[in-house]
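Undergrad: model the structure of this input:
(one chain, ligands or ions: 1)
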Amino acid sequence: MSENQWCFACGPCNPIGLKLRFQEENNSYKTSFIPGPEHQGYDGIMHGGLISTLLDEVMARYLYAKGLTAVTAKLEVRYRQPTPIGQELAISGWITGQRGKMVEMAGKVTLPDGTVTAEGKAIIALKGDE
Ligand SMILES: CCCCCCCCCC(=O)SCCNC(=O)CCNC(=O)[C@H](O)C(C)(C)COP(=O)(O)OP(=O)(O)OC[C@H]1O[C@@H](n2cnc3c(N)ncnc32)[C@H](O)[C@@H]1OP(=O)(O)O
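TA: Numbers count the residues shown, from 1 in each chain. Sure, this is the predicted structure:
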């Protein structure tokens, strides 16, 4: 069996996972997700911890997709607006810089009408000899 099939965010084998799928486009990594009632904190609003998960995944997984082994060293999220349940979220991440083995990344969560509800910044640590 291939590795990492149980990732909470993207693993196809995880029965309670988000099962995200990704594509690269214009030096950016993208996925989408429609949160349901099981993903809310306050009624009608997506739980902030799960929004962090979306941002963490879209940034760190971009490096994984490039064949690098990397873990999140630092994650900062700015929740600009409530993220509603039941709308398709566009989540994207991109590289903004690198200092040694620390890759600096950014990401955002966008509603269908273009409203950015959350922004993320992360430092992702490359492992091994990369
Ligand atoms: C299908 C597969 C899915 C793939 C996508 C996965 C998405 C999920 C991504 C995750 O959530 S990964 C899980 C959460 N993250 C972790 O569990 C990481 C745990 N932490 C570590 O393993 C280590 O702390 C880490 C590798 C991040 C750093 O340890 P090191 O021993 O390599 O570094 P060290 O502590 O010696 O620091 C080296 C330099 O980096 C700097 N540094 C370390 N941590 C930092 C940090 N957090 N922020 C900024 N700088 C940092 C540190 O200051 C120092 O700079 P200087 O040399 O200039 O002094």
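
Undergrad: what does the chain have sitting close to the ligand?
TA: By the rule Cβ under 6 Å from any ligand atom, the part of the chain lying against the ligand is 4, 7, 10, 56-57, 60-61, 64, 71-74, 102, 123, 125. All C-beta atoms are positioned from the backbone trio N, CA, C, and that covers glycine.

Undergrad: what about the closest residue to I123 other than its chain neighbours, which SS state?
TA: Nearest residue to I123, sequence neighbours excluded (Cβ to Cβ, 6 or more residues apart in numbering): K74, at 4.2 Å. Secondary structure, DSSP: H, G, I helix; E, B strand; the rest coil: K74 is strand.

Undergrad: K74 contacts E104, correct?
TA: No. K74 is beyond contact range of E104, at 9.5 Å (criterion: Cβ atoms under 8 Å).

Undergrad: shared neighbours of the two, anything?
TA: 122-123 (Cβ atoms under 8 Å, 6 or more residues apart in numbering).

Undergrad: of these two, which one has the most company?
TA: The neighbour count for K74 versus E104, taken as other Cβ atoms under 10 Å, is higher for E104 (15 against 11).

Undergrad: so for the more buried one, what's the pLDDT?
TA: pLDDT, E104: 98.

Undergrad: tell me what it is bridged to.
TA: G97, I123 (DSSP bridges).
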